[in-house]
Structures are given as C-alpha cells and as structure tokens.
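**Student:** Got a predicted model here, sequence first, then my questions.
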Amino acid sequence: MENEKKLQILQFTYAGVLADAVLQMGREGVLEKVTQQKKKEQMLTGTMKAEQFGITQPEEVFLKLSEIFNCASWEIISEQEGFSAEAKACKLCGFAKKIGAQKPCNLYCLDPMEGMIKGLNDNLSFAVRETLWDGQKCKVEVK
C-alpha cells in the first residue's frame, strides 16, 4: 500500500476515533466537564503544542493542522485587524453527526487551536462566529 493511501486511512480513522470518544463521553454525561477541563489545559500548553507542530504564526495554526490531520481545510482571509479562518467541511463534525454524537468542535478542534494562538500571542482574540455543527461553515476571527 502506498504511503499516501496509508496516511489517508489513518486520518479517517483518527477522526472516527475522536467522534466515537465524544459519543461515549456524551452517553456517560461527562463531555461538558471534560471539555471544560481540557480547555484549561489547552490554554496552558498552547505554546508547547505550537512549537511541537513548528507553528510560529497564528495563521499557521489553521494551515498546518489542516495539512497534518486533513480533517478540515481552512482558508485564511486577511482582514484589517487580523484574519479570519473558514472551513466548509470537516470530517470529525460529519462523523459525529452520523453516529449521533454530541458536538466535538471545542474539545478536539477550536480549543486546541485557540490555545496555540494564545500561546503565540496572548494579546490576540479568538472568536468563533459559526461552526459546521450548527451552520454552513466554521468561521473563526483572530484579531
């Protein structure tokens, strides 16, 4: 099997495992608590995680994670005071909806990205304007 095909299988498997974990935590009634605890951890470890991924600029959080995990393909839109990032599809969100899981967005995507961005520059704001869970796209503004 070619490496590209292996990587694609691993990326799909990873998204499926995360969706299943959200399903199980939701069934056990601990998803909200775990999400809150993990957000605190993400804010504390964001600098380290950005370094591990070789991320030095806020825009790279979206672009490099898209490249590595191939879950959502983010587009960066420059704005006067920063940028926005938009994604029109997400494997994790799609898998979670298909299996009847709760919203995985914050636990596995948005909070880790916010932690890395704040780890690069604590003065930046990170505002989620829309998610694919409830809307037509994911949109995050960083200023």
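**Tutor:** Right, received. Where do you want to start?

**Student:** Please make it C-alpha for all contacts and neighbour counts, starting now.
**Tutor:** Will do.

**Student:** mind checking how far Asn3 is from Ser66?
**Tutor:** From Asn3 over to Ser66 the distance is 18 Å, taken as Cα to Cα, to the nearest Å.

**Student:** any chance you could map the helices in the protein?
**Tutor:** 3-28, 31-52, 58-69, 91-99, 105, 111-120 (DSSP state H).

**Student:** Of all those, which one is nearest Thr131?
**Tutor:** For these, the distance to Thr131 is smallest for helix 105, at 7.7 Å, taking Cα to Cα.

**Student:** follow-up on the earlier one: quick one: which of Asn3 and Ser66 has more around it?
**Tutor:** A count of neighbours by other Cα atoms under 10 Å puts Ser66 above the other of Asn3 and Ser66, at 16 against 8.

**Student:** Who are the contact partners of the residue positioned nearest the centre of the chain?
**Tutor:** Among the residues of the chain, the smallest C-alpha distance to the mean C-alpha position (Cα atoms, centre = their mean) belongs to Cys109, namely 1.8 Å. Cys109 makes no contacts at all, as judged by Cα atoms under 8 Å, 6 or more residues apart in numbering.

**Student:** Give me the local confidence score for it.
**Tutor:** Reported pLDDT at Cys109 in the predicted model: 97.

**Student:** Kindly report the same for Leu63.
**Tutor:** In the predicted model, Leu63 carries a pLDDT score of 97.

**Student:** burial count for the closest residue to it other than its chain neighbours?
**Tutor:** If you skip the residues right next to it in sequence, Leu63 has Trp74 as its closest partner in space, 6.4 Å away by Cα to Cα, 6 or more residues apart in numbering. Applying the criterion other Cα under 10 Å, we find 25 residues in the vicinity of Trp74.

**Student:** and what of the one 3 residues further on?
**Tutor:** Residues contacting Ile77 under the criterion other Cα under 10 Å number 12.

**Student:** How about the contacts made by it?
**Tutor:** The contact partners of Ile77, by Cα under 8 Å, 6+ apart, come to 83-86.
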